[in-house]
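Participant: prediction below, plus the sequence it came from.
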Amino acid sequence: MSTTTTMPNKPSPSSNDDMTQNVPEGHQLIREGQITMLYPKSENSVFYNPVQVQNRDLSVLMIGMYAERRMERMWVVRRRKEVRKEMMQKQKEEREEKKKEEDGGGGEKKKKETKEERKAKIAKFEQDLEAQVLKDKSSVDFTKLTQESSNTTDGMSIFEALAASGLRSLRYWKEVPGVRTVVVNDLDPVAVEMARENVVRNGFVDDLVTAAGDDDKKQSNSMDDTSEKNSPPKTTKHNLRPRGLQLQVGDATHEMYISRLPPNLHVNQINPTQRNYQKPQYDVIDLDPYGSAAPFLDAAVQSVVNGGLLAVTCTDMAALGGSHPETCYGRYGAFPIQRSGYLQELALRILLYHMSVVAGRYGRTIRPVLSVGMAFYCRVFVEVYDDKAGVNNLSLNHGHLFQSTKCSSFHITPIATNVFVAAQQQQQNNNSSSDNSGNTNGESEKEASKKKEKSKRTNVYKNGRGPCDLGEPVCGETGAPYKIGGPLWIGPLHDLEVVNDAITRLEAAKDNEGTNPSGGSPLHPLHTATTLHGLLVSCSEEVPDAPLYHLLPYLCSAVNSPTIPMNTFKAALVNAGYNVSAYHKEPSAVKTNAPNHVVWDIVRAWCKENPPAKRKESKRHRKGEDQGSNAPVHQPDVDIATMILSKEMRMTKVDFTIPKGLGERKKAKRWALNPEANWGPKKAASGRNKRKKEEVGDDDDEEKKELLGDVGGEPSAKQVKA
């Protein structure tokens, strides 16, 4: 294995000159990021879609940022141990000195500590420890540490389960700081061979390694030795993969299932028959299949380290979006709402629900870092943690969806409730908002302690309640019944701290020729940086505690009204004391924490000031006849628009005055249009099917010809027998 490579991982200097020369006929040269590859124009033997450039750019950015967060967490854990050891040693010395003074008669004997004093002493110890760690942390350059870690055991390992051409993996190796190992895996040998060609073309030959840690160049020389060939791969003492790029043809789920060895478990603790076939967990796993990622998630949540990152793409929007709800339920265990206006966000929340359930089986929880809909697919970045206590609270982040069958009204109710957990979360929010102001509610410490003790007695998980307990057994606007969807994830979609950090990095890179001036990610210019900036800004503006959204055109269409100006509608919600935003995938979305009746009251108030045109009714409809039916005449159904507008308003006043600053937003390119025509999914790669056809050969064609015979001719004996 070569040890001369430095960070960031760079190709040979001469390789870039060769890339632009000698492009074979029938091929095209593709440049993406800092990597180039040759791709056949006429064939689809290995999957590649230019639509996914934004996906790969976003992945490079998010994984690069994760590498720095990971390094920071590792440093804090180690430093906390060191400080704890130093403080305990200091306390030991102080106790010994006091004991000497007491034995020599130089001091009074200390009384035995009470339980409360002991608790206070421990709390003071932990507080001083954290303060010291925080102080030391402020002077550490984690960006530099991350870049230097690629050549050490602290480097990051990445597994791309379905690599195809290997373009994404090579970009990770070249553009993400702190990467020690990238495993490039695909089930198709044609794809792995193309990935190998791309490795050579980009000058990474010296970085190729095998699973056993030998140079890839020496592998062919050792294949003659049958004992070495048939022996199982050896696991290193520290459970580390060799540094470099590892190309392999293999089943992704199998590779992940044998990579579930936790870093803190020594190999000698494992059954000897399994020891040599166990591999360490990965820091990052990227799943970007053609279709659904559901078959890979069970293995993925087990084979990622505690605190590791899963980057998951799902392109089966026909299932997640509700066109095929039965397929969605079979894959994800959740039922979508067909033809719903919020299908883009519902797809993300169904995917996150399924991931959280799968992780919960193994005592793990997920923390969504970024969840977005792009083009025709979903992309989520989640961190996975060992957290059995968090698994107990999983039902609080899951909910059921109740959608009116006649209008856009919907309710989301949690599967379970817990007063104690809710009180804890409220206390955390109060503490974070009042670090310098003390108790925000004006309560004494004694009252707060009593309230806490009382809430402990209510630490019971109770079944959630449906719309009936909310006072609406049927739709409050139309009286229509509900249809039920879900379960779905009702927790946050993004970590706003990470999202805002990504925005800051992109803005800083824009003024520095596309690279981060501080040396962190992005290390190189991103082709879709402007589009990514707009996407992330839209995500940062979303209301975090309001699952799903209304579509303003749908609301207005229900009452036959022209669409209300977006800023006017938002102003009414803000003036009523509610939060409102758009959605990063849908510019006409109204994402708000306001209840349904407030949303419809605003529509009713607007229609009073701007009366909508009456809908024309056919002659048969006025008579109450059903077209094409011989049934007797019946009374016509009440028009939905009339029913909604005739409803009495609960709001006493609706203020459409646009408040100052409502229209002020960060300058960004939101909801970018498709860059070219036919911008969408491609057909699946045909490499394996083509190869199978070639392996069949001419003998099979002759057999088919004999069986089919000449068109219009006499049947052969074999045809008669068949």
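Facilitator: Here it is on my side, so go on. Residues are numbered from 1 along each chain as shown.
Participant: okay, CA-based contacts and neighbour counts for the rest of this
Facilitator: Fine.
Participant: give me the below-cutoff pLDDT ranges for the chain.
Facilitator: Regions of the chain meeting the criterion pLDDT under 70 cover residues 1-21, 42-48, 104-110, 211-239, 263-267, 425-458, 470, 615-638, 674-722.
Participant: run the last query once more with 50
Facilitator: For the chain, applying pLDDT under 50 flags the ranges 1-8, 10-19, 213-238, 432-443, 625-629, 631-636, 689-716, 718-722.
Participant: where's residue 499, which helix or strand?
Facilitator: helix 496-510 (DSSP states H and E).
Participant: report all helices and strands that the very next helix or strand once past that helix contacts.
Facilitator: Under the assignment DSSP H and E, the closest C-terminal helix or strand after helix 496-510 is helix 529-541. Applying 3 or more C-alpha pairs under 8 Å, 6 or more residues apart in numbering; DSSP states H and E, one finds that helix 529-541 contacts helix 53-103, helix 496-510, strand 580-583.
Participant: okay, now the sheet partners of the last one, with direction.
Facilitator: In other words, strand 580-583. Within its sheet, strand 580-583 is paired with strand 586-592 (antiparallel), according to DSSP bridges.
Participant: thinking again about what came up before, okay, the helices and strands packed on helix 529-541, which one's buried deepest?
Facilitator: Mean neighbour count (mean count of other C-alpha atoms under 10 Å) peaks for strand 580-583 among these, with a mean of 23.
Participant: neighbouring contacts of that strand?
Facilitator: Residues outside strand 580-583 that contact it (C-alpha atoms under 8 Å, 6 or more residues apart in numbering) are 538-539, 541-543, 549, 570, 573-574, 588-593.
Participant: any idea how far it is from the chain center?
Facilitator: 20 Å (C-alpha atoms, centre = their mean, to the nearest Å).
Participant: using CSV, list the CA coordinates for it.
Facilitator: The C-alpha trace of strand 580-583 is given here as CSV (Å, rounded to 0.1, in the frame of the first residue of the first chain):
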residue,chain,number,x,y,z
VAL,A,580,-45.4,30.5,8.2
SER,A,581,-42.9,29.6,5.4
ALA,A,582,-42.7,28.0,2.0
TYR,A,583,-41.3,24.5,1.3
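Participant: can you tell me the closest non-neighbouring residue to the spatially most central residue of the chain?
Facilitator: The centroid of the chain falls nearest to residue 380 when counting by C-alpha atoms, centre = their mean (2.0 Å). Closest residue to residue 380 apart from its sequence neighbours, by C-alpha to C-alpha, 6 or more residues apart in numbering: residue 371 at 4.3 Å.
Participant: wait, that neighbour sits on residue 496?
Facilitator: No. Using C-alpha atoms under 8 Å, residue 371 is not in contact with residue 496, being 11.2 Å away.
Participant: quick one, helices of the stretch 301-450 of the chain?
Facilitator: Using DSSP state H, counting those that start in this stretch, the helices of the stretch 301-450 of the chain run over residues 317-320, 325-332, 343-360, 388-392, 419-433, 445-456.
Participant: follow-up on the earlier one: what's the closest of the contacts of strand 580-583 to residue 68?
Facilitator: Nearest to residue 68 among the contacts of strand 580-583, counting by C-alpha to C-alpha, is residue 539 at 21.6 Å.
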